[in-house]
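Peer 1: A predicted structure for the sequence below; I have some questions about it.
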Amino acid sequence: MASPAQSMSTAEVGYLQGINLRAFSELEGAERAFASLYLSSPDAINTLPQREATIYELLADNAEETEHFTENMKLIHGWLAENPFQSEGLCVFACWALDYVQGIPLSVSVPDLLRVGPALYLRPLAELQDEYENFVIVVADNRATRILEVTSAMAETAKKVRGDVTNAVRKGGWSQKRYARRRQKELLHYAKEINEVLSELIRKKKYNRIVLMGSMETLAELESVLDQPVAEKVIGKRTTDTAQGEADLIDEAYELFFAEERDEEIRLWDRIKDEYLSDGLAVVGAKDVLDALHLGRIEEIIVTRDAEIRGTRCRDCENIVHGTPEICVVCKSDSVFTVDLVDELVRRAELTSAAVEFTDPIEGLSKQGDVAALLRY
Ligand SMILES: [Zn+2]
């Protein structure tokens, strides 16, 4: 097994979209030899002993897995002792059997979790990657435009464009007409310049979403000149006071961004329903989604963010099923254990290049067991 640590450069650490979930997904074993720790803050380290004690109790009937856990926690504590917690959130993975430990500082906080399993627990990271897709904010008025790149939930000013277009002033007669014409030209030229910067930005980097904010006149002019590839990425527009602080502007942009995220979730569910009803390329429910994943047929999964769906995994044949049967349905072994099926789906999706959309609850989806998918064929 290759270590994902080797495929992940230091520069990428902390950058959500740079985390290589696929490499992590490849690490898998027959028994619960992996430990995954998620921490919401440095204080959360104090709650670790209690969490560890609970896991020891739950593993009490399995000496081998208890040993793996003991050794994994040594690796994790060693890592924590050597690496100061300086990020918003933190994740540490360990597998003593592979002599492997890796910490991933995160730019957003995560719920506190300590999990043992036959693989790394990737669901929280997959949720973050889905929710915090990188995007671009344009803050424009007639004087100047700021273009901010938001990556891993952190904003950075990428580019400034000066407009210096004077405000409309009332003058009389011919001079007013001449003035207005000249002003219109300046505004158009300025808007085209912003368009150039945006076009170059989305050519160079993979941004799928752009939010426009600022004065009504500038935004209207800008929208009238946007090239098609830029225009189709604009997911929200709002007239706002450009003089307010950057943090407030970013908060406003996030409102538009998350509104689009929710719309996208609903649109995906609607597509899945349409496909399903027309006897097309869709499946609903955990069992059918899992079966389709095993066949590599899935294009995109939608799953309720907080869904609790259990699965059962066999130590002998490594088969995994939806539900909690006491013996393996394939080889009849009674050496089975419960897993978070959503986490299994995430990993299998990564390995077959299927996308996973985590959604706020949608009534129709919840009725189908909180998970559904579009199929490739
Ligand atoms: Zn089995």
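Peer 2: Perfect, thanks for sending it. As the structure is a prediction and not an experimental result, all values here were calculated from the model. Residues are numbered from 1 along each chain as shown.

Peer 1: what about the closest residue to V371 other than its chain neighbours, which SS state?
Peer 2: Nearest non-adjacent residue to V371, counting by CB to CB, 6 or more residues apart in numbering: V303, 4.5 Å away. C-beta: built from backbone N, CA, C; applies to glycine. Classification of V303 using DSSP: H, G, I helix; E, B strand; the rest coil returns strand.

Peer 1: how about the residues of the stretch 201-350 of the chain near the ion?
Peer 2: Proximity of the stretch 201-350 of the chain to the ion, by CB under 5 Å from the ion, involves residues C314, D316, C317, N319, C328, V330, C331, S333.

Peer 1: In strands, which of those appear?
Peer 2: C314 (DSSP state E).

Peer 1: Would you write a PyMOL line that selects the buried entries of the residues of the stretch 201-350 of the chain next to the ion?
Peer 2: Restricted to buried positions by 16 or more other CB atoms under 10 Å, the PyMOL selection for those reads:
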select buried, resi 314+317+328
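
Peer 1: What about the residues of the stretch 201-350 of the chain next to the ion, which are in helices?
Peer 2: Within these, no residue falls in helices by DSSP state H.

Peer 1: Tell me the residue of the stretch 151-300 of the chain that sits nearest the ion?
Peer 2: Residue nearest to the ion within the stretch 151-300 of the chain: H294 (14.5 Å; CB to the ion).

Peer 1: quick one: that residue and R348 touch, right?
Peer 2: Yes - taking CB atoms under 8 Å as the definition, H294 is a contact partner of R348 at 7.4 Å.

Peer 1: higher neighbour count, the two?
Peer 2: Set H294 next to R348 and count neighbours by other CB atoms under 10 Å: R348 wins out with 21 against 13.

Peer 1: what helix or strand is that one on?
Peer 2: Using DSSP states H and E, R348 sits in helix 341-351.

Peer 1: about what we covered before: how about the residue nearest to V371: which residues does it bridge to?
Peer 2: F358, V371 (DSSP bridges).

Peer 1: how many neighbours does it have?
Peer 2: Neighbours around V303, by other CB under 10 Å: 28.

Peer 1: which other helices and strands contact the strand or helix carrying T312?
Peer 2: In this assignment (DSSP H and E), T312 forms part of strand 310-314. Counting contacts by 3 or more CB pairs under 8 Å, 6 or more residues apart in numbering; DSSP states H and E, strand 310-314 is packed against strand 320-322, strand 336-340, helix 341-351.

Peer 1: Let me have those in CSV, extended by mean pLDDT.
Peer 2: Shown next, in CSV, are those (pLDDT from 0 to 100):
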stretch, mean pLDDT
strand 320-322, 95
strand 336-340, 96
helix 341-351, 97
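
Peer 1: Which of the ones you listed sits closest to V136?
Peer 2: helix 341-351 (26.2 Å; CB to CB).

Peer 1: for the closest one, which positions count as buried?
Peer 2: Those would be L341, V342, D343, E344, L345, V346, R347, R348, A349, E350, for helix 341-351 by 16+ other CB under 10 Å.

Peer 1: which residues are in contact with it?
Peer 2: With contact meaning CB atoms under 8 Å, 6 or more residues apart in numbering, helix 341-351 is reached by 21-22, 24-26, 28, 117, 119, 121-123, 126, 286, 289-290, 293-294, 298, 301, 303, 307-311, 313, 320, 322, 354-356, 371.

Peer 1: now swap in stretch 39-48 and tell me
Peer 2: Residues contacting stretch 39-48 (CB under 8 Å, 6+ apart): L37, L80, F85, G89, L90, C91, V92, S109, V110, P111, D112, L114.

Peer 1: end to end, how far does it reach?
Peer 2: 9 Å (CA to CA, to the nearest Å).

Peer 1: Buried residues, it. List them.
Peer 2: Those would be L39, S40, A44, L48, for stretch 39-48 by 16+ other CB under 10 Å.

Peer 1: before we move on, what about stretch 246-262?
Peer 2: Buried, per 16+ other CB under 10 Å, within stretch 246-262: L249, I250, E252, A253, Y254, L256, F257, E260, E261.

Peer 1: Check stretch 274-292 too.
Peer 2: 275-276, 281-290, 292.

Peer 1: what's the spacing between it and its chain's center?
Peer 2: 23 Å (CA atoms, centre = their mean, to the nearest Å).

Peer 1: Let me know the average pLDDT across it.
Peer 2: Averaging pLDDT along stretch 274-292 gives 95.
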